[in-house]
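S.K.: how would this look folded up:
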Amino acid sequence: MAGEKAPRRPKAETPKGFRDYFGADVAERKAMLDAIASVYHRHGFDPLETSAVETVEALGKFLPDVDRPNEGVFGWQDEDGDWLALRYDLTAPLARVAAQYREGSATSQWPTMPKGYETGVPMPYRRYAMGPVWRNEKPGPGRFRQFYQCDADTVGSASVAADAEICAMLADALEEVGIPRGDYIVRVNNRKVLNGVMEVAGVLDPADPGRFAAECGIVLRAIDKLDRLGVEGVRALLGEGRKDESGDVTKGAGLGADQAEIVMGFMAAKRDTGAETVARLRALVGASTLGIEGVDELETIAALLAAQGYGPDRIVIDPSVVRGLGYYTGPVFEAELTFEILDEKGRKRQFGSVAGGGRYDDLVKRFTGQSVPATGVSIGVDRLLAALRAKGRAGGETAGPVVVTVMDRDRMADYMAMAAELRRAGIRAEVYLGNPKNFGNQLKYADKRASPVAVIQGSSEAEKGTVILKDLVLGARIAAGASLEEWKQRPAQLEIPRAELVAAVRQMLD
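M.R.: Residues are numbered from 1 along each chain as shown. A predicted model of the protein is given here:
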């Protein structure tokens, strides 16, 4: 009807803070995660997949860098009035699972538990999980609202042997995916040691942990910024505060000079050997019961790792590791890649952290009312994949499928049969399904698909019982100037009996 407005078309664009992943990206990520999963599997960990959606009540107060409960998630209210949200990490769902399916309680809630789990998840429960998580935060360069996480956790063991196992497994996983020994280090600390040092410095009161909560939080965040701000920047944050280049002032913890020196001494406690570092930490925590307990745990972890062959070339005790999350209660660890890369301005810098974790003994308690010890690690999937690309272990060209071209529409069944025969032999193959009228377009399509070989059979080849194989990889090299000798040894195109299709394609791919 005249005068009617055309319907508004939606914009074909990705929502802000999200991104699309295509073939090579997805394949590389899957290969990396499969390699990590193989390490976790060897260590006796079971896979777990949980729903992408959790109740807001189950998620509780999270994202420790924000003040309001439930801030930073994508949430909504369902038809029953219950508030739901997309998971923001893989740890909160694990806490819910551990509480819901704990031994002796699962059968009434979930009658079809798998073999070995009929009475609930066995404790200690070792699990690994991989999948996307969502954060409703302001996006920025390299900061997305949806990203992948890869976690491994042990729930139900208070032994620091569980922490040592996580550290060993993390080192194994990095080597399994292609980060050689010498290009990474797993650094281990203990929050109990830091709390003991803060007790000695008069910043933490064991009898009233909440008394200096604000100051303790600032101290933790300051230490965590040592790599970025340097010694003097951290010292300023321990005192009255720090003014940055723009003139903005960050409030400090308000420690006196003597108090600040005790905390600074903790960060500088690392020595040439683990034993020397432990001795220095023991001197720093003085008579603090909590601090002594933390030092003893570090000493035990070091001994357990040494017994398995994990030396200081792989895992070290390092007091500068804090981990920003407030729920860590004991050992904390971080995997750092030590090789150099060029930043966006062409300057050399170390790649940095790709994984971190620690002990969190109070997370499951929210559901059960009882303390349930737990420890785990989370690998930054995108960060580690970027590291592999920087090392040349990922990001290379991925071969596409063999493309069976279509010379005669009426013989589509023959072409489909060729592709099926190749697939049964384990060769990736597809039939061209576009408009076959222009043969040149078919070869252009094969080129865009990074196809190594094109299969061609026109009416004359069909009558003779032959097919033509076009080596697209060698053809491109010849076009770029391959030697005459190379051309003679392996022509870019050859005609072979139809019965030899699989063998000839396989030889061409080798």
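S.K.: run a quick neighbour tally on residue 380.
M.R.: For residue 380, the tally of surrounding residues (other Cβ atoms under 10 Å) stands at 18. Bear in mind the C-beta positions are built from the backbone N, C-alpha and C, glycine included.
S.K.: give me the pLDDT for residue 217.
M.R.: On the pLDDT scale, residue 217 is placed at 80.
S.K.: host element of it?
M.R.: helix 213-224 (DSSP states H and E).
S.K.: now for that helix, which elements pack on it?
M.R.: Here helix 213-224 touches helix 191-200, helix 226-238, helix 257-267, going by 3 or more Cβ pairs under 8 Å, 6 or more residues apart in numbering; DSSP states H and E.
S.K.: residues contacting the shortest one, please?
M.R.: Under the contact criterion Cβ atoms under 8 Å, 6 or more residues apart in numbering, helix 191-200 has outside partners 204-206, 216, 219-220, 223, 262-263, 265-266, 281, 284-286, 288-295, 297-298, 319, 322-323, 328-332, 358-359.
S.K.: what's the answer for the last one, then?
M.R.: Residues external to helix 257-267 that are found in contact with it (Cβ under 8 Å, 6+ apart): 193-194, 197-198, 200-203, 219, 223, 226, 231, 234-235, 238-239, 255, 281, 284, 319-320.
S.K.: are any of the residues you listed buried, and if so which?
M.R.: With burial judged by 16 or more other Cβ atoms under 10 Å, the buried subset of the contacts of helix 257-267 is 193-194, 197-198, 200-201, 203, 219, 223, 226, 234-235, 238-239, 255, 281, 284, 319-320.
S.K.: same list, the helices and strands packed on helix 213-224, but as TSV with mean pLDDT and distance to residue 413 please.
M.R.: Formatted as TSV, the helices and strands packed on helix 213-224 follow (pLDDT from 0 to 100; distance: least, Cβ to Cβ, whole Å):
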stretch	mean pLDDT	distance to residue 413
helix 191-200	89	67
helix 226-238	84	63
helix 257-267	87	72
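S.K.: can you put these in CSV and add distance to residue 305?
M.R.: Shown next, in CSV, are the helices and strands packed on helix 213-224 (distance: least, Cβ to Cβ, whole Å):
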stretch, distance to residue 305
helix 191-200, 17
helix 226-238, 24
helix 257-267, 22
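S.K.: looking at those, which is buried most?
M.R.: Stretch with highest mean neighbour count among the helices and strands packed on helix 213-224: helix 191-200 (a mean of 25; mean count of other Cβ atoms under 10 Å).
S.K.: quick one: that one to helix 257-267, angle?
M.R.: On the basis of axes from the mean of the first three to the mean of the last three Cα atoms, to 10 degrees, helix 191-200 is oriented at 160 degrees to helix 257-267.
S.K.: only alpha carbons, please: show helix 191-200 as CSV.
M.R.: Taking Å, rounded to 0.1, in the frame of the first residue of the first chain, the C-alpha atoms of helix 191-200 are listed here in CSV:
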residue,chain,number,x,y,z
ARG,A,191,47.7,-16.4,51.7
LYS,A,192,48.1,-17.6,55.3
VAL,A,193,51.8,-16.4,55.1
LEU,A,194,50.7,-13.0,53.9
ASN,A,195,48.0,-12.8,56.6
GLY,A,196,50.7,-13.7,59.1
VAL,A,197,52.9,-10.9,57.8
MET,A,198,50.0,-8.5,58.0
GLU,A,199,49.4,-9.6,61.5
VAL,A,200,53.0,-8.9,62.5
